[in-house]
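Colleague: Quick check, what structure comes out for this input:
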Amino acid sequence: MTRATEQVDALVVGAGPAGLMAAEVISAAGHSVMVAEAKPSPARKFLMAGKSGLNLTKNEPMAPFLNAYAPLHPSLCAALEGFGAQEAIAWAEGLGQEMFTGSSGRVFPKTMKASPLLRAWLTRLEEQGVSLKRNWRMVNLGDAVEFETPQGGVSVHAKTVILALGGASWARLGSNGAWVDMVSPYAEIAPFSPSNVGLLLEWTPYMARHFGKPVKGVKLTAGRYESRGEFVISKHGLEGGGIYAVTRGLREGAPLLLDLLPDWGDEKLKQTLIQRKQKETLTNFLKRVLRLSPVKIALVMEIAGPQPADLVSALKALKIPDARLRPMDEAISTAGGVRFESLSERLESSTRPGLFFAGEMLDWDAPTGGYLLTACLATGRLAGQGALTRLS
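Modeller: Next up, the predicted model:
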């Protein structure tokens, strides 16, 4: 069957934040841009993130901001230095969205929603002449990019192609990693693994009363990664930002250690523990003197036992045994993807000129808290600038 053909200056495949940012940069320079999206609507994962307020970025000095992406490849560093937290805030405000910075430095729209920002963004792109194709599924990446569409097969001949196809989590929203075989002739691919994901644990019935309870005021450590974030006890394990921040260490095989009294030194704790009255229960002592919450006490009893042999270690370095990462499709993001080493500094394939990559399909990792979304926007912008150089 004969395929319909179309021609365009720039073809962007994937209508998430990275792809839309690339389209914005290229169309603003007057080039014709087509965005092809496999789903019926664009930016589905972006909208899902908006359900919890749309944490756009993290407003903090550049050094700790960049450190969140460690180990940081120079190309990603350049992207973030060109489009960091302040640029992300200014960009959103330029789309008519009032932004505010919370006490932790996280930045949100005042509406606490993603949809108003997305609507304004799509309007801008339409005004710049961007053509958005929905339900267009890429099936071949050759001299032309081939799609299956509701109207049949279409071949698009583009001077530049920007792929922003996402990672390998949340397949129902469009990120399934199915692009690997098509992309591998043009770039090296690092295997995918889950990131920013909860832990699976087997609890005894004793913990059931604590399901859904938050654990606050702790320090989590896994190898070289640390977090002072909180987490929640769930029926199947542990969830929350504190866990997500140390996923990289857990993925590398490091154990998870909980410091339940991070503001107490070991010596102070030892001196306090010897004040326990002879007939006082451990539970009552931990509550009365150390002011531990019921859920923290439950964790100690569940993991270290009712009479820990080394109570200081149980309170300062409680080792969570037999924890496993939840399945990759349940992860907020994934590590792995297109290796920067096979791309130019502008994210262009070293073996196929005119082919660029952006967003979560690149091999980088970062915790939640605004870092993921900022890097998607930043790499989309950098790939768009690379495409402009190629077009000129």
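Colleague: drop to CA atoms for contacts and neighbour counts, all remaining ones
Modeller: Fine.
Colleague: Local confidence estimate at Pro71?
Modeller: Note on Pro71: pLDDT of 89.
Colleague: Now it. Its backbone dihedrals?
Modeller: Backbone torsions of Pro71, given as degrees, to the nearest 10, read phi -70, psi 130.
Colleague: what about it, distance to Glu226?
Modeller: Between Pro71 and Glu226 the computed distance is 15 Å (C-alpha to C-alpha, to the nearest Å).
Colleague: For beta bridges, what are the partners of the residue nearest to Val130 when sequence neighbours are not counted?
Modeller: Using C-alpha to C-alpha, 6 or more residues apart in numbering and skipping the chain neighbours, the partner closest in space to Val130 is Val33 (5.1 Å). Note on Val33: beta-bridge partners Ala10, judged by DSSP bridges.
Colleague: Quick check: Val33 touching Met21?
Modeller: No - assessed by C-alpha atoms under 8 Å, Val33 is found out of contact with Met21, at 11.7 Å.
Colleague: Quickly list what's touching both of the two.
Modeller: Residues touching both Val33 and Met21 by C-alpha atoms under 8 Å, 6 or more residues apart in numbering: none at all.
Colleague: if we can go back for a sec, when Pro71 and Glu226 are compared, which one has more neighbours?
Modeller: A count of neighbours by other C-alpha atoms under 10 Å puts Glu226 above the other of Pro71 and Glu226, at 19 against 11.
Colleague: so what's the more buried one closest to, chain neighbours aside?
Modeller: Leaving aside its chain neighbours, Glu226 sits nearest to Leu220 (5.5 Å; criterion: C-alpha to C-alpha, 6+ apart).
Colleague: Next up, the contacts around that neighbour.
Modeller: Glu226, Ser227, Arg228, Gly229, Gly242, Ile243, Val246, Leu256, Leu257, Leu258, Asp259.
Colleague: residue contacts, the second one?
Modeller: The neighbours of Ser227, taking C-alpha under 8 Å, 6+ apart as the test, are Lys219, Leu220, Thr221, Gly242, Ile243, Ala245, Val246.
Colleague: From the residues you listed, pick the one nearest Val12.
Modeller: The shortest gap between Val12 and any of those belongs to Ala245, at 31.2 Å (C-alpha to C-alpha).
Colleague: right, and that closest one touches Pro367 too?
Modeller: Yes - in this structure Ala245 lies within contact range of Pro367 using C-alpha under 8 Å: 5.0 Å.
Colleague: Can you pull the residues that touch both of these two?
Modeller: Common contacts of Ala245 and Pro367 (C-alpha under 8 Å, 6+ apart): Asn196.
Colleague: of the two, who's got more company?
Modeller: Ala245 (26 against 22).
Colleague: for that one, what are its contacts?
Modeller: Per C-alpha under 8 Å, 6+ apart, neighbours of Ala245: Asn196, Tyr225, Glu226, Ser227, Gly229, Ala366, Pro367, Thr368.
Colleague: Looking at those, which two lie furthest apart in space?
Modeller: Gly229 and Ala366 (14.8 Å).
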